[in-house]
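S.K.: Prediction below, plus the sequence it came from.
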Amino acid sequence: MKPINELVSAETKRFSSTEPFRTELGAVLPVVEVAYRTWGRLNEERDNAILVCHALTGSADADEWWGGLFGPGRAFDPDRDFIICSNVLGSCYGTTGPLSPNPETGRRYGPDFPPITIRDMVHLQHRLLGHLGIGRLKLVVGASLGGMQVLEWGALYPDVARALMPMGISGRHSAWCIAQSEAQRQAISADAAWKDGWYEPDAPPAAGLAAARMMAMCSYRSFRNFEEKFGRSRQPDGTFQAVSYMRHQGEKLVGRFDANTYMTLTRAMDMHDLGRGRGGYEEAVCSITLPTEILSIDSDVLYPKEEQEELARMLPNSKIVYLQEPFGHDAFLIDVDQVSRMVCDFLAALMLKA
């Protein structure tokens, strides 16, 4: 099994900033590095850039996890647009996070990586855009954790983002989501192999992280999806297919993700609240006037459609569209043809209004 830092794509670019980065909660990172990918070219007007924001365990390799949206006539057409996707602050695929060396100690940050917020992620993305010489974004788009970033772009940099497309997300993390995240973190912390915030090098497989992933998968899909996909079918050895699937998902994440990163990012998601420090939730949401298309997944049990409908009522320049699929929250990764059409339709509507 390759170390996680070797799973970063060969096409990934690096931006290193020696300007200290101060987080929203007051920590200072002396040096920050951003891993990012780009597709296509900036036009002469430099106004064809699209920023793609990834979800919890995603990476800058949007063409791998959202490949169905790339190509001629698709949502992300490199012949038409300049597409950017960066690995978020706090993650483990090349951007500064718990696996990064702390320049003050020479050791990895690990559990000592400072708490961060979604706003920190967006501020670092904005710094990357400055490095790339981009002052305007045609569209900011993303789902789940990515959708949180999209909304914060509207609140933090309305002069940079021209339009927003958040998917499967709310304007603030609900008690339901916070409770699920904490249960997953407790599963990691309860692992016998977990010691002082690290997995010991010679310890058994990271059962706690695997369990956290399995718990999360139950909220990423739906009752109907599990019934249709597995029912009560069994493997030849008698194991329920649903059990085999969950174990596979847990083991797969252990092979490609870091437990401290999981802790860091889920805590950042719990902090997500557009109203924090902005005069309250309704005032903050109503102040975002950028053209916004909200994609809601009607079978989503993690971020139910009522949350997107609330956003649509409060955002003054918004429209809501529905992905009517049985897959649950992960539908944005599964029904890529329909998602691509929705993004294309939104971009076409923006062009008509321009």
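M.R.: Cool, the structure landed.

S.K.: From now on I want contacts and neighbour counts done on CA atoms only, so please keep to that.
M.R.: OK.

S.K.: in this protein, which spans are strands?
M.R.: With DSSP state E, the ranges of strands along the chain come out as 13-17, 21-22, 28-29, 32-39, 49-53, 82-86, 139-143, 164-167, 194-195, 198-199, 292-297, 318-323.

S.K.: Return the most buried member of those.
M.R.: Highest mean neighbour count among those (mean count of other CA atoms under 10 Å): strand 164-167, with a mean of 28.

S.K.: packing partners for that one?
M.R.: strand 139-143, helix 145-156, strand 292-297 (3 or more CA pairs under 8 Å, 6 or more residues apart in numbering; DSSP states H and E).

S.K.: May I have the strands that pair with that strand, each with its orientation?
M.R.: Sheet pairing of strand 164-167 (DSSP bridges) gives strand 139-143 (parallel), strand 292-297 (parallel).

S.K.: quick one: contacts for F82?
M.R.: Contact analysis of F82 by CA atoms under 8 Å, 6 or more residues apart in numbering lists 38-42, 48-50.

S.K.: Which single one of those residues is nearest to N87?
M.R.: T38 (11.8 Å; CA to CA).

S.K.: can you pull the pLDDT of that closest one?
M.R.: Confidence at T38, expressed as pLDDT, is 98.

S.K.: again, but for S86
M.R.: Note for S86: predicted pLDDT of 98.

S.K.: What residues sit buried inside stretch 286-306?
M.R.: Neighbour-count burial for stretch 286-306 flags 288, 290-305 (criterion: 16 or more other CA atoms under 10 Å).

S.K.: Which stretches in the stretch 251-354 of the chain count as helices?
M.R.: Along the stretch 251-354 of the chain, the stretches classed as helices by DSSP state H, counting those that start in this stretch are 259-270, 281-286, 305-314, 331-334, 336-353.

S.K.: what about those helices, which gets the closest to F230?
M.R.: For these, the distance to F230 is smallest for helix 331-334, at 17.1 Å, taking CA to CA.

S.K.: one step back: just curious, which of the contacts of F82 is nearest to R313?
M.R.: Of the contacts of F82, the one sitting nearest to R313 (CA to CA) turns out to be I50, at 25.6 Å.

S.K.: I'd like the helices of the stretch 251-354 of the chain laid out as CSV, including mean pLDDT and distance to G146.
M.R.: Below are these laid out as CSV (pLDDT from 0 to 100; distance: least, CA to CA, whole Å):
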stretch, mean pLDDT, distance to G146
helix 259-270, 98, 10
helix 281-286, 98, 17
helix 305-314, 98, 15
helix 331-334, 98, 12
helix 336-353, 95, 15
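
S.K.: Make TSV out of those helices and add distance to Y322.
M.R.: Shown next, in TSV, are those (distance: least, CA to CA, whole Å):
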stretch	distance to Y322
helix 259-270	23
helix 281-286	21
helix 305-314	9
helix 331-334	11
helix 336-353	9
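
S.K.: Single out the most deeply packed of the ones you listed.
M.R.: By mean count of other CA under 10 Å, the helices of the stretch 251-354 of the chain have helix 259-270 as the most buried, with a mean of 22.

S.K.: orientation of that one relative to helix 145-156 in degrees?
M.R.: 50 degrees (axes from the mean of the first three to the mean of the last three CA atoms, to 10 degrees).

S.K.: Name the residues that touch helix 259-270?
M.R.: In this structure, residues lying in contact with helix 259-270 by CA under 8 Å, 6+ apart are 56-57, 90-92, 97-99, 110-111, 113, 115-118, 145, 148, 173, 177-178, 181, 185, 188, 197-198, 209.

S.K.: Distance check, G90 against Y36.
M.R.: 14 Å (CA to CA, to the nearest Å).

S.K.: With R107 instead?
M.R.: R107 is 24 Å from Y36, by CA to CA.

S.K.: cool, and R127?
M.R.: 12 Å.

S.K.: what are the phi and psi values for the most centrally placed residue in the chain?
M.R.: Geometric centre of the chain, nearest residue: A55, 2.0 Å, by CA atoms, centre = their mean. A55 adopts backbone torsions of phi -90, psi -170, taken as degrees, to the nearest 10.

S.K.: With R41 instead?
M.R.: Per-residue torsions, R41: phi -140, psi 150 (degrees, to the nearest 10).

S.K.: Wait, the residue nearest to the centre of the chain touches Q149, no?
M.R.: No: contact criterion CA atoms under 8 Å: A55 and Q149 do not qualify, at 9.5 Å.

S.K.: So for these two, which residues contact both of them?
M.R.: Joint contacts of A55 and Q149 (CA under 8 Å, 6+ apart) are G142.

S.K.: Just send the strands paired with strand 164-167 back as a markdown table, with distance to H248 and mean pLDDT too.
M.R.: As requested, the strands paired with strand 164-167 are exported to a markdown table (distance: least, CA to CA, whole Å; pLDDT from 0 to 100):
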| stretch | distance to H248 | mean pLDDT |
| --- | --- | --- |
| strand 139-143 | 24 | 98 |
| strand 292-297 | 25 | 98 |
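
S.K.: Kind regards, and thank you for your time.
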